[in-house]
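In: quick one, structure for this:
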Amino acid sequence: MFHKSLDLIAIGDIATDAFIRLKEAEVHCRIDHNTCEICMPFADKIPFEYAKIVKGVGNAANAAVASARLGLRSAVVTNIGDDLNGHESLNSLHHNKVITSYVRKNECKATNYHYVLWYGAERTILVNHVDYEYKLPKLPEARWVYLTSLASNTFPYHMAVADYLEAHPKIRLAFQPGTFQMKLGFDDLKRIYARTDVFIVNVEEAQRILNSTSHDVKALMQKIHDKGPKLVLVTDGPKGAYMFDGDHHYFMPIYPDPKPPLERTGCGDAFASTFVAALAMGKSPLEALTWAPVNPMSVAQFVGAQEGLLSKEQLEWWLKHAPGDYRVKEI
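Out: Residues are numbered from 1 along each chain as shown. The predicted model follows:
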């Protein structure tokens, strides 16, 4: 079954997330490396508060659900196993009104399953990508393609995506790279970078891609922009987000939390996909930049990446009630 009028096609891996709420742990930070580590006793029994299983998540699924909840016709291109987790993930996507015609079921394979070690409002995710045979299905033309995290055996698959995009020059591309895509770098993915309309990463990811220790966000965005993306966005957690359009640099603060965040999984996906969805709805980049932080604020009030995603009406309510200093600033 093919759909001729899709607003967004999200391409990336899907997973089940098992959240484990830790009770006893410590966080050790190394200022010299700008990194923190979660620490627990080794070879011991460690109590936890509770566990919660969330089906049908991952960057691509989260983006498709966010877009669908905002009223767009969105589809996801992904792989699942022929197992209970795969069937339940598919049901979750259906429930969220995501088109699943391009989901490939792999016999004798498991669905990706991740463990989320949740401590305070932050999390550390233990990931394992199943080695699927990736084949790009025949896709219709869409207004946007949202390319994101894929497994380490998918370089030929990326080239198939590039072929599809080059055959449909009117399609706009959003690229939110995952770990493997960052490792591939600019040269291997030059066709993707050259085709990218919107590129979104966080500060640490931008440093990793550029092999840089610089904290100069303007410089990081300029170097990424030089590789092809027309709009570059870099998020910096609670500090806010930045955008570069090739001529101007902008800063957007976070939307104030109505109460302390419960858990931040999926906040980056919520920001990125809301920005792209706003563009798909005809908003300007500056308008989209005011939309993008609202969904992460809501997502952080729930467990998992999707429960807190807002409808268009809900998001507009929060925008209407935003404080006076919640606005884009040129820097």
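In: going forward, measure contacts and count neighbours with C-alpha atoms only.
Out: Fine.
In: per-residue pLDDT, the residue nearest to the spatial centre of the chain?
Out: Most central in the chain under CA atoms, centre = their mean is D269, positioned 2.9 Å from the mean C-alpha point. At D269, the model reports a pLDDT of 97.
In: so what secondary structure elements neighbour the helix or strand harbouring it?
Out: Taking DSSP states H and E as the criterion, D269 maps to helix 267-280. Other helices and strands packing on helix 267-280, by 3 or more CA pairs under 8 Å, 6 or more residues apart in numbering; DSSP states H and E, are helix 59-69, strand 198-202, helix 285-291, helix 294-299.
In: in the last one, what's buried?
Out: It stands for helix 294-299. Applying a neighbour-count criterion of 16 or more other CA atoms under 10 Å, one finds V294, N295, P296, M297, S298, V299 buried in helix 294-299.
In: angle of the helix holding D269 against helix 59-69?
Out: With axes from the mean of the first three to the mean of the last three CA atoms, to 10 degrees defining the directions, helix 267-280 sits at 50 degrees from helix 59-69.
In: now find how far off-centre helix 267-280 is within its chain.
Out: Centre-to-centre, helix 267-280 and its host chain are 8 Å apart (CA atoms, centre = their mean, to the nearest Å).
In: can you list the strands that the longest strand along the chain pairs with?
Out: With secondary structure taken from DSSP state E, the chain has its longest strand at strand 48-57. Note on strand 48-57: by DSSP bridges, its sheet partners are strand 15-22 (antiparallel).
In: contacting residues around the longest strand of the chain?
Out: 14-24, 85-86, 88-90, 92-93, 304-306 (CA atoms under 8 Å, 6 or more residues apart in numbering).
In: just for this protein, where's the confidence low?
Out: Applying pLDDT under 70 to the chain picks out residues 1-4, 32-34.
In: re the thing from before, go through the helices and strands packed on helix 267-280 and pick out the most buried.
Out: Comparing the helices and strands packed on helix 267-280 on average neighbours per residue, with mean count of other CA atoms under 10 Å, the densest one is helix 59-69 at a mean of 29.
In: which helices and strands sit right next to it?
Out: Checking 3+ CA pairs under 8 Å, 6+ apart, helix 59-69 ends up next to strand 6-11, strand 74-81, strand 142-147, helix 267-280.
In: between the ones you listed, which one is nearest to T196?
Out: Closest to T196 of those is strand 142-147 (CA to CA; 9.6 Å).
In: buried sites along the longest strand of the chain?
Out: V54, K55, G56, V57.
In: out of the helices and strands packed on helix 267-280, nearest to L184?
Out: Set against L184 and scored by CA to CA, the helices and strands packed on helix 267-280 come closest in strand 198-202, at 15.1 Å.
In: what is the orientation angle of the helix holding D269 with strand 6-11?
Out: Using the same axes, to 10 degrees, helix 267-280 lies at 150 degrees relative to strand 6-11.
In: one step back: let me know whether the residue nearest to the centre of the chain touches A61 as I believe.
Out: No: judged on CA atoms under 8 Å, D269 makes no contact with A61 at a distance of 9.5 Å.
In: what's around the spatially closest residue to G71 that is not a sequence neighbour, how many residues?
Out: In this structure, G71 finds its nearest non-sequential neighbour in K312, 6.8 Å apart by CA to CA, 6 or more residues apart in numbering. When counting by other CA atoms under 10 Å, one arrives at 17 neighbours for K312.
In: now G71
Out: 16.
In: would you confirm that it contacts S311?
Out: Yes: look at G71 against S311 with CA under 8 Å: they come within range, at 7.3 Å.
In: would you turn the helices and strands packed on helix 59-69 into TSV with distance to Y326?
Out: Listed next are the helices and strands packed on helix 59-69 as TSV, based on distance: least, CA to CA, whole Å:
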stretch	distance to Y326
strand 6-11	28
strand 74-81	29
strand 142-147	27
helix 267-280	15
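In: show me which residues of stretch 237-249 are buried.
Out: A241, Y242, M243, F244, D245, H249.
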